[in-house]
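>>> pasted the sequence and its predicted model underneath.
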Amino acid sequence: MRVGSTEIALLKGDITLCDVEAVVNAANSMLKMGGGVAGAILRRGGQSIQEECDRIGYCPVGGAVITGAGRLRARYVIHAVGPRMGEGDEDRKLSDAVLNTLKLATQYNVKSLAFPAISTGVFGFPKKRCAEIMIGTTIDYLLRERTSLEKILFVLYDDETYRVFEEVLNRRPSQRTR
């Protein structure tokens, strides 16, 4: 799908292997990289990413911060803090995390970005709701804002999540203009 001059695509695989300028980490507020996407980024990218997170120290739910990417192919990791199911106002918080990620990517003149399915792991966010919010927020941002982003990938680790995102993306009307 294209929105203005930005391509949106899906990819099944490992986000840490993507050839993009920035990968998005599904972070927690304390920016501690343990399991899931964060653990994979830490293992492949190295301890320097966690050290930068430790210097930052904290990011509120719905927020995003940026660090270097260590040994990853990417130049940056954008740590987006998604909500835990049951904490309240989860949809808005997930949308804010995506929006703040897109704003940071634009601020840093990033041309290509890879998102995971934020909050769908141990945070328990339903995959379909996640796909609708993440894709909808991304398209709305691209229609409203000037951005450096030329390509946005949603990188899904398993078949089920890929199918859910594919279904949601295919339901969206093609957006050709701003």
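That came through, no problem. What you see is a predicted model; the values in this text were computed from it and never measured. Residues are numbered from 1 along each chain as shown.

>>> tell me which stretches of this structure form strands.
Per DSSP state E, the chain carries strands over the ranges 2-3, 6-12, 22-27, 64-68, 76-81, 112-115, 151-156.

>>> what about those, which gets the closest to Phe123?
Phe123 sits nearest to strand 22-27 of all the strands of the chain, at 7.7 Å, using CB to CB. In this view, the C-beta of every residue, glycine as well, is placed from N, C-alpha and C.

>>> got the angle for that closest one vs strand 76-81?
Here the directions of strand 22-27 and strand 76-81 differ by 30 degrees (axes from the mean of the first three to the mean of the last three CA atoms, to 10 degrees).

>>> run the chain-centre distance for strand 22-27.
Counting by CA atoms, centre = their mean, to the nearest Å, strand 22-27 is centred 5 Å from the centre of its parent chain.

>>> buried residues, stretch 159-176. List them.
161-162, 164-165, 168-169, 175 (16 or more other CB atoms under 10 Å).

>>> thinking Gly46 is in contact with Ala69, fair?
No: between Gly46 and Ala69 there is no contact, the gap being 9.1 Å when judged by CB atoms under 8 Å.

>>> so those two - more neighbours on which side?
More neighbours surround Ala69 than the other of Gly46 and Ala69, with 25 against 15 (other CB atoms under 10 Å).

>>> quick check: pLDDT value at the more buried one.
Looking at Ala69, its pLDDT is 98.

>>> I'd guessed it sits against Arg44; true?
No: if you go by CB under 8 Å, Ala69 and Arg44 don't touch, sitting 9.5 Å apart.

>>> between the buried residues of stretch 159-176, which sits nearest Tyr76?
Set against Tyr76, the nearest of the buried residues of stretch 159-176 by CB to CB is Phe165 (22.7 Å).
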